[in-house]
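[1] just coords:
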């Protein structure tokens, strides 16, 4: 890379809890690729779904406070691993271009927010700023023999005008990364279908149905594992996989990786740094199969 | 000049928001106006009679009518004043309908504005002079661009009427979209049985010259005398000696060429005749796939051709044709549906277009008339049709209805049942548009007798599930989300303007709408005319149209051409430029700028002067605004006339 | 009748017969409401528009002048709109010399099918002129002479 | 079934309010049903999203605002992404939800309570404190904790903390909520 890549990093609340491994692996991969992430100082919650279901100005105020924090760092772009955070930060910036709305939001804040900062997802910077070909060059342990489907979830690139990333119905960013890592990618037909989002707690039945369908479909196309880029998707598919099996009478044991975890493995990073052990559905069999394939090839 | 002013109510169209009586009253105060009145319908017979009577009674020298746009009724009223013995150019119109009453509701402002427009018209009229047409000879040959069913109809009607016809077709065969259809609605009769004989008629008609696999390169001239440069694209086969025996096609080893005629269902040979009934039935080489042309090896066809007509060195050729009128019948193309990611954007082989399905249904098509899934060749059980793909969809820039998809979908559903009695068809639709004769009965039959399941709603998603496709749509009448397991999905893809329609329009100097469809002269009264004299439209180039309408327009365009050619000479439009020889300094600037070459240099008492050829001048007036001396003046739009309009608007 | 005080300003439009005049008709047929300030003069082609017409309109009391022709490459007379654009752009640069803001003049393209676009053009140009307010007027006892002298100078 | 008088039951204030708050024009909807066709939550809805659109268009305020569907929309934007008339349907659902809240409709209690608990957690901690959020939710719904089986799975992974992460600016966040409350009360 010619120019060093520097970004403010907004981890999002789930990074401190349920998606700890996404945060760990994102940081580890970026470090390995010499991408500098600096944490947004004293960041707060973006408001997530609950805030915008209450009011748009409240939602934007919660996000704008963080954009302002980034601006104070002297950086002009910010990355977040979480699509939900991303959508909120981007929506706030976009809506606040309207002067009336801007005033309404600033009214809720201690001081008027500087919201000129661009936000991108970790996935987007890896694909667009770093580049697939550069990733391919860094692979030391190809994921030979891993048959994987890429599941993007519903809000990584919607709405198109706002997110400006990848194909709306058939995104390819993770498919392309996985291919570059040496995995066998099977086209996942439900790439942008919703997993049930945050209904896991108040309406578990919804998640059982929607995420169950995703797992059935992944199984149907012969995927050994799914790869995701969203904490909520990953949590529904991984942590609740047992519940789904119980509710639907299925028998899935499908590992659900964050794409950054698989990248880290292919880049030769230790499993521990990538939080592989934090996954609920054990990926051991799948990872062992990759190792066996590698050894076979070497021999 | 004694001027009469007639302010039209147009029923309530104008009167509702303009006080026409007040406009008439104000007009009476204008210089030269000796008579002004308001009338209910000026264009009606009593309305016109009133004008004639007033001209006689008040000895009027000119008339102003304040009513609709001159593009509507200028000709009507010119004939009216002519009936009363006035020169037709001693007439002006003020457009107080389209430009006033229909675009604002404030009666005071509208009335005031109307008075302004009438004043402007009277000031111009005071400076109008009688103008007289000249006669000029015409070339009674007609060019038909496009050999689809509309063009064929126009060509045959003109040729049967005794005219010489030149037909230019872009593809290697005529027949257009209709030749690709298996059956036609609502009669379910065989498309090629109807069209085939007419194609043969074109080939055999002594009055028709056909240039297939050719395009229009250049068009010059004007009504009565056009000069057309035709590009005959290289076929690498001498068509004069090719007999269409087909040996070359049988033996050609390169079998991976794109089969355009079959809409990409299957492949064809590098040298091919598009289909057995092609007119002309001649072979042509697709150079991209010919091994000889690409790599210099092979040459099988040249060796085997019994008439020795293969020529790998062939180049494009140009010929010039002179005609007096042009019928444009360039048809339509299918909307590129790959923009619909939710339908797979082309990823799933068993999602096909309606025209591909048509080729599959056709006994002479690539599957021999058997319905087979492109993925595995199996017969489908559940066939799902999705309507309005690329029609009535603003999000893909196609808000209009393509008009014929409802009908052909019903036809295809019926044919599906005929071919595969055990199959079940489902049609996702929004509204069924079946407004032709026996059309609605036809769609009802698809439901009542053929048990086609019609589901009112759009489809949001298609995705593979096992070896089938899951189609997820809505049934808005049930208020539910619905799913169908489909073996084959047929998209009723909408129509859009033919590729290259814009470029051709520029050569023809005709207008097109924002979707590329050509603009007719008037949406109601001039459906096949254009604003360019001598250029007519037929078929779907003007907007999506089914076969009967296209044929109707083909005949209508032919009737217009025959009417135009019923006289030996045409009258020129006298609104042309005239040079004031005393003021002309012979600088030649007008000669350089005239887009039509209508001005030439002449000598007058030893000095160079400009001279306008009246029959060539089209009346644009570019020369008038170019002339540094004001010596060239466009009649009826002179500097004085336009400036009088400016003053009428600004000085009051 | 004079301009309706306080309601309207004086805007003159020169429209080519084939495209823009048709577009204005289409707007009418579609009943697309527009401000009433504009009065339209029909000319065969925008190439017929002598820059002098525009200048004279302003000198004689217009507050704004709008010219509209066919889209590039869609001219009924092949290239009239190119000539028009070239001449009128030069003219516009001289407007400030004569004491008029360049924004009092605008040149645009509207085809016969673009009724909605015509509505937008009229609305935004009228708005633009209202923001500028009335143009400076040559009035008083010597106005006619002054105008004649200026016209002669041009 | 109730007969609906179309003109008398049309609540024009409701229609214009939805249009203003959402920035969308309801008359653009021609009821093709594509939103319903793609909506992953249709199975759970009491009124499908295209019918919500229709009822909103026809000004049937009460029927719309009392719908459970408003509370089950996850804003996945399938509807918005595929609408042939480019209507931001998801935003309209959002706006309807805001109106339902303001007018005191509970919708689905568990969902509303969960969202409220989430925001309470943000209000007091600046960030979401997952365990606290759950405790809050359970105490408000009085529901038996159905995810109990998850505990043994997640606890050893070190993902669950029993104390919120401290952040300096949490007061700033709390103030956002306070000001919002004051503004809404106006």
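    Thanks, I have the structure now. This structure is a prediction, so every number in the text was calculated from the model and none was measured.

[2] any idea how far the residue of chain A found nearest chain C lies from residue A:55?
    Using Cβ to the nearest Cβ, the closest approach of chain A to chain C is made by residue A:99 at 18.7 Å. No exception for glycine: its C-beta is placed from N, CA and C like everyone else's. According to Cβ to Cβ, to the nearest Å, residue A:99 stands 18 Å off from residue A:55.

[3] Looking at these two, which has the bigger crowd around it?
    residue A:55 (23 against 8; other Cβ atoms under 10 Å in any protein chain shown).

[4] contacting residues for the more buried one?
    Counting by Cβ atoms under 8 Å, 6 or more residues apart in numbering or on different chains, residue A:55 makes contact with D:98, D:180, D:184.

[5] and chain A, which of those residues reach it?
    Restricting those to those touching chain A (Cβ under 8 Å from any Cβ of the partner chain) yields D:98, D:180, D:184.

[6] distance of the residue nearest to the first one when sequence neighbours are not counted from residue A:61?
    Okay, so that is residue D:98. Nearest residue to residue D:98, sequence neighbours excluded (Cβ to Cβ, 6 or more residues apart in numbering or on different chains): residue A:55, at 5.8 Å. According to Cβ to Cβ, residue A:55 stands 9 Å off from residue A:61.

[7] Which residues are in contact with each of the two?
    With Cβ under 8 Å, 6+ apart as the test, residue A:55 and residue A:61 both reach residue D:180.

[8] Tell me which helix or strand residue B:374 sits in.
    Counting by DSSP states H and E, no helix or strand carries residue B:374.

[9] For it, give me phi and psi.
    Main-chain dihedrals, residue B:374, degrees, to the nearest 10: phi -60, psi -30.

[10] ranges for the helices of chain C?
    Residue ranges of the helices in chain C, as given by DSSP state H, are C:20-29, C:51-59, C:80-98, C:115-132, C:143-153.

[11] just the ones you listed: most buried one?
    helix C:20-29 (a mean of 26; mean count of other Cβ atoms under 10 Å in any protein chain shown).

[12] quick one, it and helix C:80-98 angle?
    Counting by axes from the mean of the first three to the mean of the last three Cα atoms, to 10 degrees, helix C:20-29 points 90 degrees away from the direction of helix C:80-98.

[13] Mean confidence (pLDDT) on helix C:20-29, please.
    Helix C:20-29 shows a mean pLDDT of 94.

[14] So is that helix next to chain B?
    Yes: judged by Cβ under 8 Å from any Cβ, helix C:20-29 comes into contact with chain B through C:21, C:22, C:24, C:25, C:27, C:28, C:29.

[15] In CSV, list the contacts of residue A:55 along with pLDDT.
    Below are those laid out as CSV (pLDDT from 0 to 100):
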residue, pLDDT
D:98, 95
D:180, 93
D:184, 87
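
[16] Quick check on these: which are buried?
    For the contacts of residue A:55, a burial check counting by 16 or more other Cβ atoms under 10 Å in any protein chain shown picks out D:98, D:180.

[17] how about a markdown table for the contacts of residue A:55, with distance to residue C:61 added?
    Listed next are these as a markdown table, based on distance: Cβ to Cβ, whole Å:
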| residue | distance to residue C:61 |
| --- | --- |
| D:98 | 53 |
| D:180 | 56 |
| D:184 | 55 |
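
[18] Which of the contacts of residue A:55 fall within helices?
    D:98, D:180, D:184.

[19] Show me which of these is closest to chain C.
    residue D:98 (32.4 Å).

[20] for the closest one, what are its contacts?
    A:53, A:54, A:55, A:56, D:21.

[21] 10 Å instead?
    Shown in contact with residue D:98 (Cβ atoms under 10 Å, 6 or more residues apart in numbering or on different chains): A:52, A:53, A:54, A:55, A:56, A:58, D:21, D:22, D:70.

[22] before we move on, what about residue C:119?
    So residue C:119 contacts B:103, C:23-24, C:26-28, C:30-35, C:110 (Cβ under 10 Å, 6+ apart).

[23] Would you convert these into TSV that also reports distance to residue B:148?
    Below are the contacts of residue C:119 laid out as TSV (distance: Cβ to Cβ, whole Å):
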residue	distance to residue B:148
B:103	39
C:23	30
C:24	34
C:26	28
C:27	33
C:28	35
C:30	31
C:31	36
C:32	35
C:33	41
C:34	40
C:35	45
C:110	32
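
[24] From these, pick the one nearest residue B:414.
    The closest of the contacts of residue C:119 to residue B:414 turns out to be residue C:30 (Cβ to Cβ; 38.7 Å).

[25] how about that closest one, what does it touch?
    B:98, B:102, B:103, C:115, C:116, C:118, C:119.

[26] from those residues, which is closest to residue A:21?
    Minimum distance to residue A:21 across those is 53.7 Å, recorded for residue C:116 (Cβ to Cβ).

[27] OK, contacts around the closest residue in space to that closest one that isn't next to it in sequence?
    Leaving aside its sequence neighbours, residue C:116 sits nearest to residue C:32 (Cβ to Cβ, 6+ apart; 6.2 Å). Contact analysis of residue C:32 by Cβ under 10 Å, 6+ apart lists B:102, B:103, C:24, C:26, C:115, C:116, C:117, C:118, C:119, C:120, C:122, C:123.

[28] nearest residue to residue C:48 other than its sequence neighbours?
    That would be residue B:621: by Cβ to Cβ, 6+ apart, it lies 3.2 Å from residue C:48.

[29] My read is that the one you found contacts residue B:637, right?
    Yes: counting by Cβ atoms under 10 Å, residue B:637 is a contact partner of residue B:621 at 5.6 Å.

[30] Between the two, which has more neighbouring residues?
    Shown here are residue B:621 and residue B:637; by other Cβ under 10 Å, residue B:621 has more neighbours (31 against 24).

[31] Could you check how many residues crowd around residue B:28?
    For residue B:28, the neighbour count with other Cβ under 10 Å is 12.

[32] So if we follow the domain assignment, how does chain B break up?
    Using automatic domain parsing, the domain parsing of chain B gives B:3-126, B:141-233+B:316-331+B:498-564, B:247-304, B:334-496, B:577-635.

[33] Enumerate every residue touching residue B:556.
    Taking Cβ under 10 Å, 6+ apart, one finds B:150, B:153, B:154, B:157, B:327, B:527, B:528, B:529, B:536, B:537, B:538 in contact with residue B:556.

[34] Tell me the secondary structure of it, please.
    Following DSSP: H, G, I helix; E, B strand; the rest coil, residue B:556 is assigned to helix.

[35] State the distance from it to residue B:528.
    In terms of Cβ to Cβ, residue B:556 sits 5 Å off from residue B:528.

[36] shared neighbours of these two, anything?
    With Cβ under 10 Å, 6+ apart as the test, residue B:556 and residue B:528 both reach B:150, B:154, B:327, B:536, B:537, B:538.

[37] List buried residues within these.
    Among these, those buried by neighbour count (16+ other Cβ under 10 Å) are B:150, B:154, B:327, B:536, B:537, B:538.

[38] next one: stretch B:560-578 to chain centre, how far?
    22 Å (Cα atoms, centre = their mean, to the nearest Å).

[39] quick one: is it near chain C?
    Yes: against chain C, stretch B:560-578 shows contacts by Cβ under 10 Å from any Cβ of the partner chain at residue B:575.
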